[in-house]
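Novice: Fold the following, please.
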Amino acid sequence: MKKLFHHDKPIIGLDISQTGIKVMSMDPGKWLVHGYGSVDLDPIKVQDSLEKSDPYLQTNLEQLLHEKVVGTLASNHVVLGIPTARTFSRTFSLPIKQEHALKDAVEIEVEQYIPLPINLLYVDQTIIHRTKEELTVLMSAVPRTIVDRLVEITENLDLQVVMAEPSINAVARVLKATEEGHLPTLIVDIGPATTDIAILDGSIRVTGGLGIGGNTFTLDIAKKLNVTLENAHQLKVLNGLSAGPRQAKITTALNPSLQRIVTETRKVMRYYTERFSSNAKIEQVLIVGGGSNVPGIGDFFTNELVMPARVASPWQQLNFGTLAQPNKQFRPRYITVAGLSSVPTEEIWK
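Specialist: Residues are numbered from 1 along each chain as shown. Model prediction:
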């Protein structure tokens, strides 16, 4: 029955964030895209829709599904992305002889490190590494109100949610398949309004983030250079940090926000090293997301972190077939939803 389901109905990836909704359906075996689309959102209205049952999110999702999909969505079975900033993820170790008490250990981690009572959370855990002496456990938690609201909105439109996961996990799935993600990797996912930071070492080991994104960069340039937001955006994506007559001014404008991202990145790296192994070595830094479209940003992180950093380009793996591809400047926004729509069968039904 389950096998028939997966042959007949590909999964739809659905990514709902503060700034937009993205959807994609594809054949993960061939990375062949059947359909995709996106719609931009007002963050304030999104917040109202999540907290007050305002119809804004559902109205925009319905419009996206009916009017803005390129190609077709060959199913109504959805893997839902939860904004990483709304989730709590921690990795901890447990002696092998205590495996029978794994549930109790997870509850202790929640009580110690998450600022919400466990009865207000959905909590899941998975064993990501095992030796003769100990287990390494990844625990994820998300407020029930967020998940329940997003599921309600989705199912009101006759879509069936079969799985939900933090967005950064979906990003990691794509990078593992396309960007030598088998190496210990630092991921810097710069979205429009937030930046998610994670370390991928076989699986996501630790996450962090802050409220700075591509829109912040545009505002920084507009204020510093006293130009319109439209002109600031053009300066950001055409000039950026690359050498040129305006490099010094743009770099000065962007530096405070970029340094805050670097500071948070170093915290994540330090936690990873202290919690797991002082010998752990991160092999690469991959920058993704809509805010990664700043020329020279890879070199900036290479210099600041003293390790190879580059903007990831997983699009060679995606096959759009006869569909019109997203414009180059919009492609980074689809990396999360590509990961959601390529979830392996065994992850859904295990």
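Novice: Pop the domain breakdown of the protein in here.
Specialist: 2-83+144-178+314-349, 88-142, 206-311 (automatic domain parsing).
Novice: Among those, single out whichever gets nearest to D189.
Specialist: domain 206-311 (4.5 Å; Cβ to Cβ). For glycine as for every other residue, the C-beta is placed from the backbone atoms N, C-alpha and C.
Novice: How far off centre is that closest one?
Specialist: On the basis of Cα atoms, centre = their mean, to the nearest Å, domain 206-311 sits 16 Å off its chain's mean C-alpha point.
Novice: could you dump the domains of the chain to CSV with mean pLDDT and mean neighbour count?
Specialist: Shown next, in CSV, are the domains of the chain (pLDDT from 0 to 100; neighbours: other Cβ atoms under 10 Å):
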stretch, mean pLDDT, mean neighbour count
domain 2-83+144-178+314-349, 88, 18
domain 88-142, 89, 15
domain 206-311, 91, 17
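Novice: can I get those in a markdown table with distance to I199?
Specialist: Listed next are the domains of the chain as a markdown table, based on distance: least, Cβ to Cβ, whole Å:
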| stretch | distance to I199 |
| --- | --- |
| domain 2-83+144-178+314-349 | 10 |
| domain 88-142 | 9 |
| domain 206-311 | 5 |
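Novice: nearest to P184, of those domains?
Specialist: Ranking the domains of the chain by proximity to P184 (Cβ to Cβ) places domain 206-311 first, at 5.0 Å.
Novice: And the helices in the protein, which stretches?
Specialist: In the chain, helices defined by DSSP state H lie at 2-8, 43-52, 56-67, 102-113, 144-155, 167-178, 214-225, 229-238, 247-275, 297-305, 335-340, 345-349, listed in chain order.
Novice: and those as TSV, adding distance to I128?
Specialist: Conversion of those to TSV gives the following (distance: least, Cβ to Cβ, whole Å):
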stretch	distance to I128
helix 2-8	24
helix 43-52	30
helix 56-67	33
helix 102-113	13
helix 144-155	22
helix 167-178	12
helix 214-225	31
helix 229-238	37
helix 247-275	13
helix 297-305	24
helix 335-340	17
helix 345-349	13
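Novice: Out of those helices, which is closest to K132?
Specialist: Nearest to K132, of these and by Cβ to Cβ, is helix 102-113 at 17.0 Å.
Novice: and that closest one, what does it pack onto?
Specialist: Here helix 102-113 touches strand 88-95, strand 121-130, strand 134-143, going by 3 or more Cβ pairs under 8 Å, 6 or more residues apart in numbering; DSSP states H and E.
Novice: possible to save these as CSV with distance to N215?
Specialist: Output for the helices and strands packed on helix 102-113, formatted as CSV (distance: least, Cβ to Cβ, whole Å):
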stretch, distance to N215
strand 88-95, 25
strand 121-130, 29
strand 134-143, 24
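Novice: E62 is nearest to which of these?
Specialist: Comparing the helices and strands packed on helix 102-113 under Cβ to Cβ, the one sitting nearest is strand 134-143, at 24.2 Å.
Novice: tell me the angle of the closest one relative to helix 247-275?
Specialist: 130 degrees (axes from the mean of the first three to the mean of the last three Cα atoms, to 10 degrees).
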